[in-house]
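A.B. asks: Next comes the sequence, and after it the predicted model I'd like to discuss.
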Amino acid sequence: MEGAMVSASMGVIKSVLTKFATLLEKKYKLIKDVKKDIISLRDELSSMNALLTKLSDMEALDVQQKEWRDKVRELAYDTEDCIDIFMHKIGDGGAKAGIGNRLKEAKARYNIAGLIEELKSRAVEISDHCSRYKLDEGISGSSGHHAVAIDPRIQALYVEPANLMGVDEPRSKIIRWLMEEEMKQLKVISIVGFGGMGKTTLANQVYNKCKEHFDCTAFISVSQNPDLIKVLINLLSELGYHVSHFD
């Protein structure tokens, strides 16, 4: 069971590392300082993944190792959410014309700068926690944190929608479910799978194809332990309301 939990955390990190590669492409036009923070965060997560690889071979983890593993997993989920939301807001990298779209893209770039800085600080804190309590001691073959190479097959797990293989059938099925008459009532459709399988990409494609048929739409990413106030603010923002806080 412990090995499965660690492996799941590793799967999320590998997905995030692949998305970092996409995010650093020139078309997203990130400012220099943000790129530095992204590279720093990517390297921290890569080193954490190296230790998780070693933890996955252990039959049982102690309390501190479990706590560290959970913190790493939450960091990976929150980082993935941050990247997904940014890519969704920027779309094809700024091809849309109009002052309104340019202002939205500028705001998205400003927002990701603050979020990445916050995530990087969390990553450093988690890394310091590992060193402080020497969590890697006693693990067979451990010699500290070393970045590991990313399996090239992982690149296929998060790709541009046009190149995502095998998505047509599930996309059509979900769209059909959403457009059926009985779906007029409030419903929840779950897309389930391991991290990095393309769930967010699939959900985004469904959203883009269906949103014209609904009066109100929003694409919101939620972590496992969400800040509900932020979720509601993001939801209202997607619906066209400008809210920075709740009284």
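C.D. replies: Received the coordinates, thanks. Numbering: from 1, shown residues only.
A.B. asks: From here on, just use CA atoms for contacts and neighbour counts.
C.D. replies: OK.
A.B. asks: And the most centrally placed residue in the chain, how close does it get to Val124?
C.D. replies: With distances taken as Cα atoms, centre = their mean, Glu80 lies nearest the centre of the chain, 1.1 Å away. Remark: distance between Glu80 and Val124 (Cα to Cα, to the nearest Å) = 17 Å.
A.B. asks: Check Gly240 too.
C.D. replies: From Gly240 to Val124 the distance is 35 Å (Cα to Cα).
A.B. asks: Looking at these two, which one has more neighbours?
C.D. replies: Using other Cα atoms under 10 Å as the criterion, Gly240 and Val124 rank with Val124 on top: 15 against 11.
A.B. asks: So for the lengthiest helix in the chain, mean pLDDT?
C.D. replies: Using DSSP state H to define each element, the chain has its longest helix at helix 99-132. Mean per-residue pLDDT for helix 99-132: 85.
A.B. asks: next one: stretch 21-39
C.D. replies: Rounded mean pLDDT across stretch 21-39 is 87.
A.B. asks: got the buried residues for it?
C.D. replies: Thr22, Leu23, Tyr28, Leu30, Val34, Lys35, Asp37, Ile38, Ile39 (16 or more other Cα atoms under 10 Å).
A.B. asks: any idea how far Lys120 is from the fifth one?
C.D. replies: Translated: Val34. 11 Å.
A.B. asks: Could you do the third one as well?
C.D. replies: Counting by Cα to Cα, the separation of Tyr28 from Lys120 is 19 Å.
A.B. asks: Could you do the last one as well?
C.D. replies: Here Ile39 is placed at a distance of 10 Å from Lys120 (Cα to Cα).
A.B. asks: Check the first one too.
C.D. replies: Spatial separation of Thr22 from Lys120 under the definition Cα to Cα is 18 Å.
A.B. asks: got the phi/psi numbers for Cys82?
C.D. replies: Recorded main-chain torsions at Cys82 are phi -60, psi -50, according to degrees, to the nearest 10.
A.B. asks: so who does it touch?
C.D. replies: Listed by Cα atoms under 8 Å, 6 or more residues apart in numbering, the contact partners of Cys82 are Ile112, Leu115, Ile116.
A.B. asks: For the second one, which residues are in contact?
C.D. replies: Applying Cα under 8 Å, 6+ apart, we find Leu115 in contact with Cys82.
A.B. asks: Lys27 versus that one, what's the distance?
C.D. replies: Distance from Leu115 to Lys27, counting by Cα to Cα: 20 Å.
A.B. asks: next one: the last one
C.D. replies: Ile116 is 18 Å from Lys27, where distance means Cα to Cα.
A.B. asks: Kindly report the same for Ala108.
C.D. replies: Where Lys27 is concerned, Ala108 sits at a distance of 14 Å (Cα to Cα).
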